[in-house]
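Novice: here is a sequence with its predicted model. Questions after.
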Amino acid sequence: MSVADDAISAHGGGELVDLKAMPAERDALARHATTLTSVTLGARELADLEMLASGAFSPLTGFMGEADYVRSRDAMRLESGTPWPIPITLGVEENQARALAAGRDVALVDETGRRLAILKVSEIYRVDRQREAEAVFGTGDADHPGVKNVVTTPAFCLAGRVVLLGEIPGRTFLEYRLEPRQTRAAFAARGWKKIVAFQTRNPTHRAHEYIQKAALEICDGLLLHPLVGETKGDDVPAAVRMETYKILLDLYYPKDRAMLSVMPAYMRYGGPREAILHAIVRRNYGCTHFIVGRDHAGVGNYYGSYDAQKIFERFAPQEMGITPLMFENTFFCRACGAMASYKTCPHGDEDRLILSGTKVREMLRAGQSPPPEFTRPEIAAILVRAMRNGS
Ligand SMILES: [Zn+2]
């Protein structure tokens, strides 16, 4: 059986999008790129470019045009009706937008000027970033890190299909950076049919491990899929998190049932809407199930604990094409003598080991390991060391 036969379809029902230049045309395109006006991408746009080029953002074939932009902002769908909860745009300054025209090619370059991709400009349009932020994040508050990113993005958008010319420089964790075609092939090679993805931007504590393993009880394999694009400054750095994931999988997960790979996307802190995006992207990576915990992709107190779970009711299961698995907060309960949740434990909070994120950070900073029922000692050691080294 071929990989294609075995794999679920990409989001939107079609094939995975592939926006990489064919080897035979790469040199000619690279020469063409040197003749073009360049548009510089920052870290977030580079992450979007990588997600687009690899097919992780299928069915998108480039930065969005106005019709897709408006409908995704206002109705969480593309113009075609396919679910898509967050606009993916390339913002440029007004003077640059005015100097360009639809129908032209531009070179997308990184901050060192290296030409990475060609964008065939199909449309140039202007948007209201404040309105976009309020629609996507449910708030216009500039203290919200996602809002801050959006409202500081220029209002003019360049839309169009992109072709990636080669590797994106500065990519990290290459050994673990599998693209959607590669994760699909890896699942097929392992014989997995039901694959559950776990999105994370945090170190894995016992509560996360419990949820992953509960899901693994009904699936063939687990894709531990940390996001390694830009996060806000007080999140644990990706390099430290990767150490914790590796040791956890090594010591506590069956080798033939769990896999670690990284996702290049950046964190938008879009709460419910980002939960939908995270699920769609995991479908593209070949997963059939997706774990949604409490306050998924949330930040501060902007979202209700269950908002990111409830939002899935707005889409028909077949149009999402990936099954969300909703989980409650979990904890170790001394009376149960086990990990449990509000769904399974009849005892009171006095029996439950519940520590806030703030409290855990305080302990780690003081060189103190959280109790082993909260964090595996091997993980705690890595986090204490990282805190001591000031990361
Ligand atoms: Zn209990």
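Specialist: Cool, got the structure.
Novice: list the pairing partners of the longest strand that the chain contains within its sheet, with orientation.
Specialist: Across the chain, the longest stretch assigned as strand under DSSP state E is strand 115-126. Here strand 115-126 is paired, per DSSP bridges, with strand 105-109 (antiparallel), strand 156-164 (antiparallel).
Novice: helix or strand next in line after the lowest-mean-pLDDT helix or strand in the chain, which one?
Specialist: Lowest by mean pLDDT, DSSP states H and E among the helices and strands of the chain is helix 3-6, with a mean of 43. Going down the chain from helix 3-6, the next helix or strand is helix 23-34, by DSSP states H and E.
Novice: and the following helix or strand past that following helix, what's buried?
Specialist: Sequence order places strand 38-40 as the next helix or strand after helix 23-34, per DSSP H and E. Buried residues in strand 38-40, defined by neighbour count with 16 or more other C-beta atoms under 10 Å: 38-39. For glycine as for every other residue, the C-beta is placed from the backbone atoms N, C-alpha and C.
Novice: rounded mean pLDDT for strand 38-40, please.
Specialist: Mean per-residue pLDDT for strand 38-40: 97.
Novice: quick one: contacts of that strand?
Specialist: By C-beta atoms under 8 Å, 6 or more residues apart in numbering, the residues outside strand 38-40 that reach it are 90, 92, 96, 106-111, 113, 115, 119, 158.
Novice: could you rerun that using 7 Å?
Specialist: 92, 96, 106-109, 111, 115, 158 (C-beta atoms under 7 Å, 6 or more residues apart in numbering).
Novice: over to stretch 304-313?
Specialist: Counting by C-beta under 7 Å, 6+ apart, 271-272, 275-276, 292, 294-298, 324, 326 sit against stretch 304-313.
Novice: CA atoms of that stretch as CSV?
Specialist: Written as CSV, here are the backbone C-alpha positions of stretch 304-313 (Å, rounded to 0.1, in the frame of the first residue of the first chain):
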residue,chain,number,x,y,z
GLY,A,304,-12.8,30.8,29.2
SER,A,305,-11.4,27.4,30.3
TYR,A,306,-13.6,25.5,27.8
ASP,A,307,-13.8,28.0,25.0
ALA,A,308,-11.2,26.1,22.9
GLN,A,309,-13.2,22.9,23.3
LYS,A,310,-16.7,24.4,22.6
ILE,A,311,-15.6,26.1,19.4
PHE,A,312,-15.3,22.7,17.7
GLU,A,313,-19.1,22.5,17.8
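Novice: check which residues of that stretch are buried.
Specialist: 307-309, 311-312.
Novice: among the residues you listed, which are located in helices?
Specialist: Of the buried residues of stretch 304-313, the ones assigned to helices by DSSP state H are 307-309.
Novice: pick out whichever of those sits closest to Ala53.
Specialist: For these, the minimum distance to Ala53 (C-beta to C-beta) is 27.4 Å, reached by Ala308.
Novice: what parts of the stretch 251-391 of the chain come near the ion?
Specialist: Contacts of the stretch 251-391 of the chain with the ion, taken as C-beta under 5 Å from the ion, map to 333, 335-336, 345, 347.
Novice: and those residues, which of them are buried?
Specialist: 333, 345.
Novice: all strands of this structure, in order?
Specialist: 38-40, 62-63, 91-92, 105-109, 115-126, 156-164, 195-200, 221-226, 258-260, 289-292, 323-326, 330-333, 338-341, 352-353.
Novice: dump the residue contacts of the residue of the stretch 101-250 of the chain found nearest the ion.
Specialist: Closest approach of the stretch 101-250 of the chain to the ion (C-beta to the ion) occurs at Tyr210, with a separation of 13.2 Å. By C-beta under 7 Å, 6+ apart, the contact set of Tyr210 is 330, 339.
Novice: not counting its neighbours along the chain, what's nearest Asp351?
Specialist: Ala335 (4.1 Å; C-beta to C-beta, 6 or more residues apart in numbering).
Novice: my read: the one you found touches Asp349, true?
Specialist: No - contact between Ala335 and Asp349 fails when scored by C-beta atoms under 7 Å: they sit 11.1 Å apart.
Novice: I'd like to know which of the contacts of stretch 304-313 is nearest to the ion.
Specialist: Arg294 (18.2 Å).
Novice: and the gap between the nearest residue to the closest one once chain neighbours are set aside and Thr200?
Specialist: Computed as C-beta to C-beta, 6+ apart, the closest residue to Arg294 that is not its neighbour in sequence is Ser305, at 4.6 Å. Here the distance between Ser305 and Thr200 works out to 18 Å (C-beta to C-beta, to the nearest Å).
Novice: who's in contact with the longest strand of the chain?
Specialist: Contacts of strand 115-126 (C-beta under 7 Å, 6+ apart): 29-30, 32-34, 36, 38, 49, 62, 65-66, 97, 100, 102-110, 155-165, 168.
Novice: Throw the buried residues of stretch 304-313 into JSON lines and include pLDDT, thanks.
Specialist: Below are the buried residues of stretch 304-313 laid out as JSON lines (pLDDT from 0 to 100):
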{"residue": "Asp307", "pLDDT": "96"}
{"residue": "Ala308", "pLDDT": "96"}
{"residue": "Gln309", "pLDDT": "97"}
{"residue": "Ile311", "pLDDT": "98"}
{"residue": "Phe312", "pLDDT": "98"}
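Novice: any idea which of those residues is closest to Gly367?
Specialist: Ala308 (33.9 Å).
Novice: give me the number of residues near Ser54?
Specialist: 25 (other C-beta atoms under 10 Å).
Novice: please apply the same query to Glu94.
Specialist: 11.
Novice: cool, Pro317 as well?
Specialist: For Pro317, using other C-beta under 10 Å, the count is 10.
Novice: just give the closest residue to it, not the sequence neighbours.
Specialist: Thr323 (7.0 Å).
Novice: what is the neighbour count of that neighbour?
Specialist: Count around Thr323 with other C-beta under 10 Å applied: 16.
Novice: in the protein, which ranges drop under the pLDDT threshold?
Specialist: 1-7, 391 (pLDDT under 70).
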